[in-house]
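> take this sequence and fold it.
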Amino acid sequence: MSLTSDPIAFISNKFEGPIDFVGQQRAEKLQHLVIVATAVIAFLVGFVLQRVDMVMGLFGLGSVIALAVVVPPWPAYNKHPNTWLPSLAPAPAGDASSEGALSKKTS
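You can find the predicted model right below:
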C-alpha cells in the first residue's frame, strides 16, 4: 500500500498501533495538561498584550502540540501490554451436556 494508491488507508495505518490501558490513561492526562496549560498561557499573554488573535494563535499552537503528543502510538504508551486469556474452543453443536445446561438456565 502506498501513499499514491490509497492515501487515507496509508495514513490510518501509520497512526494505528497498540496502546495499553495505562498508556491511554497517561495520554489522556497529558492531553489535559497540555490543553489547560496552553489555555492559561494564551489567556495571560492575550490579556497582557490585549490581543485576541494572539490568544487564538497560541491556543491553536497548543492544540497542535497536544495532537502531536497524544495521537501517534508512541512506544511510551505501550509499556504495560495486556495479557489476554486464550480463547476457549466452542462446544460441539450436538453436545447434550451443553444443551441441558442451556435449557436449565433459560427455564
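> against Asp6, how distant is Trp74?
Per Cβ to Cβ, to the nearest Å, Trp74 is found 25 Å from Asp6. C-beta here means a position set from N, CA and C on the backbone, and glycine is covered the same way.
> oh, I was asking about Phe47
47 Å.
> cool, and Leu33?
From Leu33 across to Asp6, the span is 36 Å (Cβ to Cβ).
> equivalent analysis for Pro86, please.
Per Cβ to Cβ, Pro86 is found 35 Å from Asp6.
> of those two, who's got more company?
Just comparing Pro86 and Asp6: by other Cβ atoms under 10 Å the higher neighbour count belongs to Asp6, 12 against 5.
> can you give me phi and psi for that one?
Backbone torsions of Asp6, given as degrees, to the nearest 10, read phi -150, psi 90.
> now do the contacts for it.
Asp6 makes no contacts at all, as judged by Cβ atoms under 8 Å, 6 or more residues apart in numbering.
> could you rerun that using 10 Å?
Counting by Cβ atoms under 10 Å, 6 or more residues apart in numbering, Asp6 touches 12-13.
> could you number the chain from 51 rather than 1 from now on?
Okay, residue one is now 51; in that scheme the one you just asked about reads as Asp56.
> pLDDT score for it?
Per-residue confidence (pLDDT) for Asp56: 82.
> at which residues are the helices of the protein located?
57-65, 71-99, 102-120, 146-156 (DSSP state H).
> quick one: Pro131 and Gly67 touch, right?
No. Pro131 is beyond contact range of Gly67, at 11.9 Å (criterion: Cβ atoms under 10 Å).
> report the central residue of the chain.
Among the residues of the chain, Gln74 comes closest to the average C-alpha position under Cα atoms, centre = their mean, at 5.9 Å.
> buried residues in stretch 62-82?
69, 73, 76-77, 81 (16 or more other Cβ atoms under 10 Å).
> typed the wrong thing, it's stretch 116-132
Neighbour-count burial for stretch 116-132 [16+ other Cβ under 10 Å]: 116, 120, 127.
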